[in-house]
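[1] Structure of the sequence below:
(2 chains)
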Amino acid sequence: MKIFLLILFGALAGIVGGMGMGGGTVLVPLLSFLEIPQKTVQAINLISFLPMCCVALIFHAKNKLLKPKHIWWLIVPAIAFAVVGALVADIASDSVLRYCFAVFLLAVGVWQLVVAIKFIVKKRKQKQSEITNDSSDE
Amino acid sequence: MNLTAKSKWILVIFSAAAGFVNGFLGGGGGVLIVALLLAVVKLHQKYSQATALLVILPLTAVSAIVYLVKGSVDWIPTLWATLGVVVGGVAGALLLSKLKGNVVKIIFALVLIAGGIKMFF
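    Residues are numbered from 1 along each chain as shown, chains lettered A, B, ... in the order given. Okay, the predicted model is just below:
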């Protein structure tokens, strides 16, 4: 049963991750249902995304969705601080990591929702102004 | 498009933060990288999401090595979950070229909020 759930949760997170939306933010809370220590969950998350990332990148390259210009400005600092973060995680307790992750998810979730709603409102307004412009032309 | 010095500083500082988060929490840095590509590099949603993987790949590899060296890896559950993630990842990559950016975003936001609430209990 646990093996089935591991595969299922992995697949669900993989779908999100393959879309390039940080599937890890989905896999970690899912795996927290399975009574696995938080640090082990985080390690599962990191390792499982390596092959997925490679596969997804091949698809995105074929669909011409990759725009690597300026990418070094992100890669270099991100890698340096990933090492620092991972070292800090090693000395943190599982419960601290778990609560930090929960706070992070809520913050990102609310933020993304606000961004999406703002975008929809903007589009609606644009459409409405187009309609009024069209009718004033007649 | 060329980046201003200010934009470069923003990229460096926030991607460092994304890297720290990714190493500390074992994931989640991708969300911040996507946001940077959208807001600073001015890529469209689909391109940002795809290109972010180019940053997340080395970031995740480096974090994973640290976890491995520190003995936090349990290989049996890791391999089963990885099998699922690869299958799902292929499906997700195929879907991305078809779905509308906004639909994806709202679903994603709701999933995150649900996940965050769940982890508190």
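
[2] So if we follow the domain assignment, how does chain B break up?
    For chain B, automatic domain parsing gives the domain ranges B:1-73, B:74-121.

[3] swap in chain A?
    Taken from automatic domain parsing, chain A resolves into A:1-92, A:93-138.

[4] Could you see whether chain B lies near the shortest one?
    Yes - counting by Cβ under 8 Å from any Cβ of the partner chain, contacts between domain A:93-138 and chain B involve A:97-110, A:112-113, A:115-117, A:119-120. C-beta: built from backbone N, CA, C; applies to glycine.

[5] does B:Phe108 belong to a helix or a strand, and which?
    Using DSSP states H and E, B:Phe108 maps to helix B:101-120.

[6] same question for that helix, mean pLDDT?
    Helix B:101-120 comes out with an average pLDDT of 79.

[7] packing partners for it?
    Applying 3 or more Cβ pairs under 8 Å, 6 or more residues apart in numbering or on different chains; DSSP states H and E, one finds that helix B:101-120 makes contact with helix A:24-31, helix A:94-137, helix B:45-69.

[8] Most tightly packed of these?
    helix A:24-31 (a mean of 26; mean count of other Cβ atoms under 10 Å in any protein chain shown).

[9] chain center to it, what's the gap?
    10 Å (Cα atoms, centre = their mean, to the nearest Å).

[10] ok, and what's touching that helix?
    For helix A:24-31, the surrounding residues in contact (Cβ atoms under 8 Å, 6 or more residues apart in numbering or on different chains) are A:6, A:9-10, A:12-13, A:16-17, A:41-42, A:44-46, A:48-49, A:101, A:104-105, A:108, B:22, B:25-28, B:30-31, B:81, B:85, B:111-112, B:114-116, B:118-119.

[11] so can I have CSV of the helices and strands packed on helix B:101-120 showing mean pLDDT and distance to B:Ala16?
    Listed next are the helices and strands packed on helix B:101-120 as CSV, based on pLDDT from 0 to 100; distance: least, Cβ to Cβ, whole Å:
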stretch, mean pLDDT, distance to B:Ala16
helix A:24-31, 83, 18
helix A:94-137, 85, 16
helix B:45-69, 91, 11
